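In: Sequence and predicted model, in that order:
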Amino acid sequence: MEKINSQAKGGRLNILHTIKDGNWRFVFLFLLFAISSNTLYGDVFEYRHRAGSRYRIISVVTQNVYINRILSHSAEILNRIAVEVVDENNGEALHRALVQTSERSTAIDVASRSFEWAREYETVFTRDRLGFMSIAPEYFMPVVRNVPVFPDRPLSVGDTWSAEGHEMHDFRDSFGFEEPFRIPFTAHYEYLGTRQWRGRDYSAFSVSYRIYYRPAGVRGRDGVSPQRILGGADQIVFWDHALGRAAAYEGEFRMVFALSDGATVEFRGQSHGEVYDAQEMDRDRIAEEIAAELERQNIGNVEIRVVDEGVVIVMEDIIFQPDSAIMLPGEDEKLDIISAILLQHSDRDILVSGHTALAGTPEARMQLSVERARTVADFLISRNVRSEERVVIRGYGAQRPVADNFTEEGMRRNRRVEITILEN
């Protein structure tokens, strides 16, 4: 992700960070919770919020990035969103959400199957029964706002409506903008009737918008900023009447940023996502079951911890070649046992994190920890423990020691890989 066309280096961009900002494509499913009911005159769509409900959204964005019309690289972005409806009053609900973004880029490693953790956002907002949002200016998520919104009338198949919306982008890394960057648009909707998603019938509607925007009075880092923004998106949203909420979405997008230094950056791609129930995790029970199975299998140097994020399996005995992410022969047998245990808890996503001892440079330690986490994650994926979009990796270098780095035993313990069965 750090490679970039030489024409766009330096004051021109740090534009690859815009990939993180380019996350707007999971947008239409972000934090949707709607229901429709049949009437004699059509279907009534409205948001029906239930205080205390929780759900997750998993979306994947596949995109090509062009710098000055030349393909720079391709990337995939995985978004994991955990949502809780905190309170509801007269159709308006307070939502709290945690958004985790992860990436993998063919410009770095074509063979890698795992997504690397990129950024995390917390957000709080309210939404009324028709879909209009209220959110404080400091929050960067959700990126697309007031989409979808519904008319206050029954809808028949073929009915259309329009409403104003806007995108809010995180351009802190790209241009040094400390506040979310607002791009307005008008969204156009059509009720499509029944459509299939993965073999099931759902009610569906399309959402489309086009953007032509010239921001005024903006100036980014080193004087470089967007001068003209063009593009748009087309998606179909699938609704589950029985559950009373969005079930999935799919679509495509294109966005072009013309910059003040004459460069252009373009994103083209597709996206899809699904919504899942988020049942509360019985962490203590899961930890006890895993510990008992490890003891039965006589696997040593593995610790089980219950944390806010979920249940952590700490492996201190996965041995790699020195200063390498290549496992020594025989280590896959240990991971096969761990894989079988993880398969018993397959309803939860997984985070694989790598850690090193305090040796070498901070940059080298970080890179090594990422590569070792990727090795373990790709192994788990190869054993069908989880699908690719349900495994995220993260490297910490030597930032989280569990022992003294000035003894050989302490350094051995700090060289570890942790697998977290995630709450959300």
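Out: Alright, I've got the coordinates. Residues are numbered from 1 along each chain as shown.
In: and the host helix or strand of Val417, what does it pack onto?
Out: Using DSSP states H and E, Val417 falls within strand 416-422. Helices and strands touching strand 416-422, by 3 or more Cβ pairs under 8 Å, 6 or more residues apart in numbering; DSSP states H and E, are strand 310-315, helix 331-343, strand 350-355, helix 362-382. No exception for glycine: its C-beta is placed from N, CA and C like everyone else's.
In: Ser324 is nearest to which of these?
Out: For those, proximity to Ser324 was assessed by Cβ to Cβ; helix 362-382 is nearest, at 8.0 Å.
In: in that closest one, what's buried?
Out: For helix 362-382, the neighbour count (16 or more other Cβ atoms under 10 Å) marks 365-381 as buried.
In: same check, this time on stretch 127-135
Out: Neighbour counts over stretch 127-135 (16+ other Cβ under 10 Å) mark Arg127, Asp128, Arg129, Leu130, Gly131, Phe132, Met133, Ile135 as buried.
In: Report the mean per-residue pLDDT for it.
Out: Taken as a whole, stretch 127-135 has a mean pLDDT of 93.
In: now swap in stretch 354-363 and tell me
Out: The model assigns stretch 354-363 a mean pLDDT of 87.
In: What residues does Asp128 make contact with?
Out: Tyr47, Gly91, Glu92 (Cβ atoms under 8 Å, 6 or more residues apart in numbering).
In: Is it possible to mark the buried ones in those?
Out: Using 16+ other Cβ under 10 Å, the buried members of the contacts of Asp128 are Tyr47.
In: quick one: which of the contacts of Asp128 sit in strands?
Out: Using DSSP state E, the subset of the contacts of Asp128 located in strands is Tyr47, Glu92.
In: and whichever strand or helix holds Ala287, which residues are buried?
Out: Per DSSP H and E: Ala287 is located in helix 283-296. By neighbour count on 16+ other Cβ under 10 Å, the buried set for helix 283-296 is Arg283, Ile286, Ala287, Glu289, Ile290, Leu294.
In: Next: stretch 56-74.
Out: Those would be 56-61, 63, 65-67, 72-74, for stretch 56-74 by 16+ other Cβ under 10 Å.
In: Stretch 173-188 too?
Out: Asp173, Ser174, Phe175, Phe177, Pro180, Phe181, Ile183, Phe185, Ala187.
In: Show me what whatever helix or strand the first one lives in is packed up against.
Out: Applying DSSP H and E as the criterion places Asp173 in helix 172-175. The criterion is 3+ Cβ pairs under 8 Å, 6+ apart, and the helices and strands that helix 172-175 contacts are helix 18-21.
In: mind listing the strands for the stretch 51-200 of the chain?
Out: Ranges of strands within the stretch 51-200 of the chain are 54-67, 70-89, 92-105, 115-127, 133-135, 144-145, 160-169, 181-197, 200-213, based on DSSP state E, counting those that start in this stretch.
In: Each with direction, which strands does the first one pair with?
Out: Strand partners for strand 54-67, identified by DSSP bridges, are recorded as strand 70-89 (antiparallel), strand 264-277 (antiparallel).
In: Same question for the third one.
Out: According to DSSP bridges, strand 92-105 has the following sheet partners: strand 70-89 (antiparallel), strand 115-127 (antiparallel).
In: for that strand, which positions count as buried?
Out: Residues of strand 92-105 classed as buried by neighbour count (16+ other Cβ under 10 Å): Ala93, Leu94, His95, Ala97, Leu98, Val99, Gln100, Thr101, Ser102, Glu103, Arg104, Ser105.
In: For Gly220, state which of the residues you listed is nearest.
Out: Nearest to Gly220 out of those is Thr101 (Cβ to Cβ; 21.5 Å).
In: got the contact list for that closest one?
Out: Lys20, Asn23, Ile77, Leu78, Asn79, Trp117, Ala118, Arg119, Glu120, Tyr121 are the contacts of Thr101 under Cβ under 8 Å, 6+ apart.
In: Distance of it relative to Ile135?
Out: 18 Å (Cβ to Cβ, to the nearest Å).
In: and the nearest residue to Gly52 once chain neighbours are set aside, how far is that from Ala242?
Out: Using Cβ to Cβ, 6 or more residues apart in numbering and skipping the chain neighbours, the partner closest in space to Gly52 is Val85 (6.7 Å). According to Cβ to Cβ, Val85 stands 19 Å off from Ala242.
In: Comparing the two, which residue is more hemmed in?
Out: Val85 (20 against 8; other Cβ atoms under 10 Å).
In: before we move on, back to that, export the buried residues of stretch 173-188 as JSON lines, with columns for distance to Val144 and pLDDT.
Out: Below are the buried residues of stretch 173-188 laid out as JSON lines (distance: Cβ to Cβ, whole Å; pLDDT from 0 to 100):
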{"residue": "Asp173", "distance to Val144": "20", "pLDDT": "90"}
{"residue": "Ser174", "distance to Val144": "18", "pLDDT": "88"}
{"residue": "Phe175", "distance to Val144": "20", "pLDDT": "90"}
{"residue": "Phe177", "distance to Val144": "18", "pLDDT": "92"}
{"residue": "Pro180", "distance to Val144": "12", "pLDDT": "93"}
{"residue": "Phe181", "distance to Val144": "13", "pLDDT": "94"}
{"residue": "Ile183", "distance to Val144": "10", "pLDDT": "95"}
{"residue": "Phe185", "distance to Val144": "9", "pLDDT": "97"}
{"residue": "Ala187", "distance to Val144": "9", "pLDDT": "97"}
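In: need the contact list for Ala359.
Out: Applying Cβ under 8 Å, 6+ apart, the residues near Ala359 are Arg365, Ala398, Met411.
In: Redo those as a markdown table? Include distance to Leu328.
Out: Below are those laid out as a markdown table (distance: Cβ to Cβ, whole Å):
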| residue | distance to Leu328 |
| --- | --- |
| Arg365 | 20 |
| Ala398 | 22 |
| Met411 | 17 |
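In: Looking at those residues, spot the one nearest Asp222.
Out: Distance ranking of the contacts of Ala359 against Asp222, using Cβ to Cβ, places Arg365 first at 30.2 Å.
In: surely the closest one meets Thr356?
Out: Yes - counting by Cβ atoms under 8 Å, Thr356 is a contact partner of Arg365 at 4.5 Å.
In: Out of the strands paired with strand 54-67, which is closest to Ala403?
Out: strand 70-89 (30.6 Å).
In: what's the distance between Thr186 and Arg127?
Out: From Thr186 over to Arg127 (counting by Cβ to Cβ), the distance is 19 Å.
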